[in-house]
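Peer 1: Need coordinates for the below:
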Amino acid sequence: MPRYDYYCKICNTQVEVIKSMAMSEEGEGCPTCEVFMAKQLSTGVSTPNKDYSRVVVSHSLAMNPSQIPEHNKHFPDIKVRADGCPVFDNYKKHDDYLKKMGIQKDRQRSRRQGTIIKKGQ
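Peer 2: Here you go, the predicted model:
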């Protein structure tokens with residue numbers, strides 16, 4: 001089953017929930033203040049129109065929890081969850097972080113599509 005990240009705008013609580021895709025749109029209640037939490041966009045999902053105001057949790061940039069104190073010394077403005085996933089306030093911070101780390105995102109290569117051959121030709 002897929003993992004979904006939910007974020008509470010009231011108390012800034014972030015929760016990771018494992019549930020079926022059919023139930024993903026139902027939302028989650030905040031464990032702290034019991035308010036409806038918004039589902040967050042993962043960095044593994046590409047969107048044509050970037051919304052630069054969303055909170056971004058990066059599973060692909062996750063680090064070993066023992067590295068978190070060192071990371072916080074170099075990047076005090078980037079929060080890191082207990083499981084090692086960095087949390088960015090918006091896509092701009094995420095992109096700036098990648099530049100500082102020397103990570104360059106490559107575009108996905110499109111596969112060359114073959115020709116459909118119909119029988120009888």
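Peer 1: from here on, contacts and neighbour counts on C-alpha atoms
Peer 2: Noted.
Peer 1: buried sites along the lengthiest helix in the chain?
Peer 2: Taking DSSP state H as the assignment, the helix of the chain that covers the most residues is helix 91-101. Taking 16 or more other C-alpha atoms under 10 Å as the basis for neighbour counts, the residues of helix 91-101 that come out buried are Tyr91, Lys93, His94.
Peer 1: where does the first one sit relative to Met23, distance-wise?
Peer 2: In other words, Tyr91. In this structure, Tyr91 and Met23 are 26 Å apart, going by C-alpha to C-alpha, to the nearest Å.
Peer 1: And for the second one?
Peer 2: Using C-alpha to C-alpha, one obtains 30 Å as the distance from Lys93 to Met23.
Peer 1: okay, and the helix or strand of this protein with the least pLDDT?
Peer 2: Lowest on mean pLDDT, DSSP states H and E among the helices and strands of the chain sits strand 41-42, with a mean of 58.
Peer 1: any idea which helix or strand comes after that one?
Peer 2: Downstream of strand 41-42, the next assigned helix or strand under DSSP states H and E is strand 56-57.
Peer 1: So in that sheet, which strands flank that next one, and in what orientation?
Peer 2: Based on DSSP bridges, the pairing partners of strand 56-57 within the sheet are strand 41-42 (parallel), strand 86-88 (antiparallel).
Peer 1: Can you tell me what sits against the longest one?
Peer 2: So the one you mean is strand 86-88. Val55, Val56, Val57, Ser58, His59, Leu61, Ala62, Ile78, Lys79, Val80, Arg81, His94 (C-alpha atoms under 8 Å, 6 or more residues apart in numbering).
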